[in-house]
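# Fold the following for me, if possible:
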Amino acid sequence: MDASAVISRLRSLGSSRNVAGQRRFGITPRTLHLGVPIPELRRIARSHPNDHPLALALWSANIHEARILAAYVDDPALVTERQMDAWARGFDSWDVCDQVCSNLFDRTPHAVARAAAWSARRPEFVKRAGFAMMACLAVHRRDLPDRVFLGFLPIIRREAHDGRNFVMKAANWALRQIGKRNGRLRRAAVAEALRIARLGAPSARWIASDALRELGK
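Model prediction:
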């Protein structure tokens, strides 16, 4: 099945009711929004494992669900930093950001470097992607040493003043997931959360208090 056939399939599965429901959860992409459920996307993806050309074509279609599907079918070994940067610039909703980071980008060799780089960027969803990547790496990449995640903690503190909703929630997500990885990182994340709490910004206080509630002091 080529990209045009996959896109036709997506269009046939669209639902205006699903679109309306997703909008209530803050999913308001600029790209065409069809309202295809995630289970349907995963069902399609199972027929196209590690299909890098298809993934590139789906992303270029400028359809919300096609971009999520692109992350499901791509081959992480073939994903370049240039592709990651280009796709991150195209993120226009929290769900496509998180789906791409958690199903593709965190499995690439460039994940750690891009997480650090994107965390310093100004665009809201690019910055969110940096912290979403940190959270996903903490959950999925058991091969990474603790020093990677210890290096992320000062970055979270550096950006804790950013009060934009999708940024501060992702920073909190990263802090919590790093802390849940093992005992050493839990202690480090709790100590970092206490430092963040002293920054004074409302966003910093929320990031810290929510993380401490889950990790314990």
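# And for the most centrally placed residue in the chain, nearest residue in space, chain neighbours not counted?
By Cα atoms, centre = their mean, the mean C-alpha position of the chain lies nearest to residue 98, the distance being 2.8 Å. Leaving out its chain neighbours, the residue that sits closest to residue 98 by Cβ to Cβ, 6 or more residues apart in numbering is residue 132, at 5.2 Å. (C-beta placed from N, C-alpha, C; glycine too.)
# helix, strand or coil for that neighbour?
Put simply, residue 132 is helix when judged by DSSP: H, G, I helix; E, B strand; the rest coil.
# what do you get for the one 10 residues further on?
When classified by three-state DSSP, residue 142 comes out as coil.
# now swap in the one 10 residues further on and tell me
Secondary structure for residue 152, judged by three-state DSSP, is helix.
# Burial check on it, number of neighbours?
Residue 152 has 27 neighbours, counted by other Cβ atoms under 10 Å.
# again, but for the one 10 residues further on
Neighbouring residues of residue 162 were enumerated by other Cβ under 10 Å; the total is 22.
# where's it relative to residue 25, distance?
According to Cβ to Cβ, to the nearest Å, residue 162 and residue 25 sit 21 Å apart.
# Give me the number of neighbouring residues for residue 77.
10.
# and if you look at residue 97?
26.
# what helix or strand is the residue lying closest to it once chain neighbours are set aside on?
Spatial nearest neighbour of residue 97, excluding adjacent residues (Cβ to Cβ, 6+ apart): residue 91 at 4.4 Å. Residue 91 is part of no helix or strand when elements are defined by DSSP states H and E.
# For residue 91, which residues are in contact?
97, 100, 125, 126, 128, 129 (Cβ atoms under 8 Å, 6 or more residues apart in numbering).
# any weak-confidence spans in this protein?
Counting by pLDDT under 70, the chain shows low-confidence ranges at 1, 217.
# any idea how it splits into domains?
If you go by automatic domain parsing, the domain ranges for the chain are 1-74, 91-217.
# tell me the most buried of the ones you listed?
Of the domains of the chain, the one with the most neighbours on average (mean count of other Cβ atoms under 10 Å) is domain 91-217, at a mean of 20.
# who touches stretch 180-199?
138, 146, 149-150, 153-154, 156-157, 160-161, 175-176, 178-179, 204-205, 207-209, 211-212, 214-217.
# which residues of the protein fall in helices?
3-13, 16-23, 38-45, 52-60, 64-73, 81-89, 94-103, 111-118, 124-140, 146-158, 165-179, 183-197, 202-215 (DSSP state H).
# which stretch among those comes nearest residue 30?
helix 64-73 (8.9 Å; Cβ to Cβ).
# I'd like the distance between the residue nearest to residue 103 when sequence neighbours are not counted and residue 48.
Here the nearest residue to residue 103 in space, its sequence neighbours aside, is residue 71; by Cβ to Cβ, 6+ apart that works out to 4.6 Å. Applying Cβ to Cβ, the value for residue 71 to residue 48 is 12 Å.
# same check, this time on residue 112
27 Å.
# and the residue nearest to residue 100 when sequence neighbours are not counted, what is it in contact with?
Leaving out its chain neighbours, the residue that sits closest to residue 100 by Cβ to Cβ, 6+ apart is residue 71, at 4.2 Å. Listed by Cβ under 8 Å, 6+ apart, the contact partners of residue 71 are 55, 99, 100, 103, 104, 105.
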